[in-house]
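# just need the structure, nothing else, for what follows:
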Amino acid sequence: MHATQNSIKLITGNSHPELSNLIAERLGMPLAKVGAFQYTNSETAVAIGESVRDEDVYVIQTGCGEQEINDFLMELMIIINACKIASARRITAVIPTFPYARQDKKDKSRAPITAKLVANLLQTAGCNHVITMDLHASQIQGFFRAPVDNLYAEPSVLRYVKDNYSDSELTIVSPDAGGAKRVASIADKLDVNFALIHKERQKANEVSKMVLVGDVSNKVCLLIDDMADTCGTLCKAADVLLTNGAQKVVAIVTHGIFSSNAIEKLNNSKLDKIICTNTMPLQDKLKRCPKLEKLDISPTLAEAIRRLHNGESVSYLFNNAPA
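Residues are numbered from 1 along each chain as shown. Here you go, the predicted model:
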């Protein structure tokens, strides 16, 4: 027998209350009374204000913030552990942007695999299941002994593109070789051509040379990437595409980190528009960058929670955006 709707408890950390409220609204239920705060010495403390005994608990916390990312990660661990020792039946961490996802392999000597460390910490805290979105590298799912549902922003992106652009004018572009698979999948579903940009780096976060593979003349180019951090790659890629005869360039990213002076770079760039999902809080960035547009993915996360709780298939969401 399935558990009743009442036995879901939605808990939010402090990283992205706006997204948590949208998810709760979509599910038609309130957020549980939980307070996460810091003592004067910056230690994180959690107070759970209602019973979670034998409940199905979903903790929503995203990996974000230039300064606070570690605080939010610690907050997530403590909330999960507080629920575990309060006898919650199952604890699912809903982490739209997985923290440390870029540190997923040992690419030089003595480099840590921090994404694996985060996976171990979550499981030690008491996490039974993880829901995340557009993992930087899908093998991170293998770092867990618990099940991981890696959702995709792709169905929502496809719906946006179909509503706003005609297929005949489009070319989908990957700003690096790593994203070629993602871009090929979108181009395939839209039945349009795709191109990719090969970039050579001298050091991390700095691109030295970019070479375009493919034809983009007189096309509207959609640059697709999973995350935009300093935005140097996107801005340079836009220059390369326009030099090669593109009509205009629009960037679509899942995780908008926009650290350092990224917003100024975007404002001064030749990008026509940047569409970004709300897996991370955009705060004042929408005001500061008129080119930036938000794509709401809370329906996908809410539907994943509902399906998981009711024992339904989550794979439906890999190809369909909820209405």
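# what's the local residue count around residue 322?
18 (other CB atoms under 10 Å). For the C-beta atoms, the positions are set from N, CA and C on the backbone; glycine is no exception.
# one more: residue 102?
15.
# pLDDT at the residue nearest to it when sequence neighbours are not counted, what is it?
Nearest non-adjacent residue to residue 102, counting by CB to CB, 6 or more residues apart in numbering: residue 136, 5.4 Å away. Looking at residue 136, its pLDDT stands at 91.
# and the helices in the chain?
Taking DSSP state H to define them, one finds helices in the chain at 17-27, 69-85, 114-125, 154-164, 180-190, 232-243, 262-268, 285-288, 298-310.
# can you show me the CA trace of the first one as CSV?
Read that as helix 17-27. C-alpha atoms of helix 17-27 as CSV (Å, rounded to 0.1, in the frame of the first residue of the first chain):
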residue,chain,number,x,y,z
PRO,A,17,14.1,29.4,-0.6
GLU,A,18,12.5,30.7,-3.8
LEU,A,19,12.9,27.4,-5.6
SER,A,20,11.7,25.4,-2.5
ASN,A,21,8.5,27.6,-2.3
LEU,A,22,7.8,26.9,-6.0
ILE,A,23,8.2,23.2,-5.5
ALA,A,24,6.0,23.2,-2.4
GLU,A,25,3.4,25.3,-4.3
ARG,A,26,3.4,22.9,-7.2
LEU,A,27,3.0,19.9,-4.9
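# what packs against it?
Judged by 3 or more CB pairs under 8 Å, 6 or more residues apart in numbering; DSSP states H and E, helix 17-27 is in contact with strand 8-12, strand 56-60, helix 298-310.
# please identify the most buried of the ones you listed.
With neighbours taken as mean count of other CB atoms under 10 Å, the helices and strands packed on helix 17-27 reach their highest mean count in strand 56-60, at a mean of 26.
# run me through the strand neighbours of that strand, direction for each.
Counting by DSSP bridges, the strands paired with strand 56-60 are strand 8-12 (parallel), strand 90-95 (parallel).
# adding mean pLDDT, write the helices and strands packed on helix 17-27 out as TSV.
Below are the helices and strands packed on helix 17-27 laid out as TSV (pLDDT from 0 to 100):
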stretch	mean pLDDT
strand 8-12	96
strand 56-60	98
helix 298-310	97
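# pLDDT on stretch 229-247, on average?
The model assigns stretch 229-247 a mean pLDDT of 93.
# stretch 92-107 now?
On average, stretch 92-107 scores 96.
# just the CA atoms of it, as CSV, please.
What follows is stretch 92-107, C-alpha atoms only, in CSV (Å, rounded to 0.1, in the frame of the first residue of the first chain):
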residue,chain,number,x,y,z
THR,A,92,16.0,12.2,-0.1
ALA,A,93,18.4,15.1,-0.8
VAL,A,94,17.1,17.2,-3.6
ILE,A,95,20.3,19.0,-4.9
PRO,A,96,19.5,20.8,-8.2
THR,A,97,23.2,21.9,-8.5
PHE,A,98,25.5,19.2,-7.1
PRO,A,99,28.4,20.9,-5.2
TYR,A,100,32.0,20.1,-6.3
ALA,A,101,30.7,18.3,-9.4
ARG,A,102,33.6,19.6,-11.5
GLN,A,103,36.1,17.8,-9.2
ASP,A,104,35.0,14.4,-10.5
LYS,A,105,38.3,12.8,-11.6
LYS,A,106,41.9,12.6,-10.9
ASP,A,107,43.2,14.6,-13.9
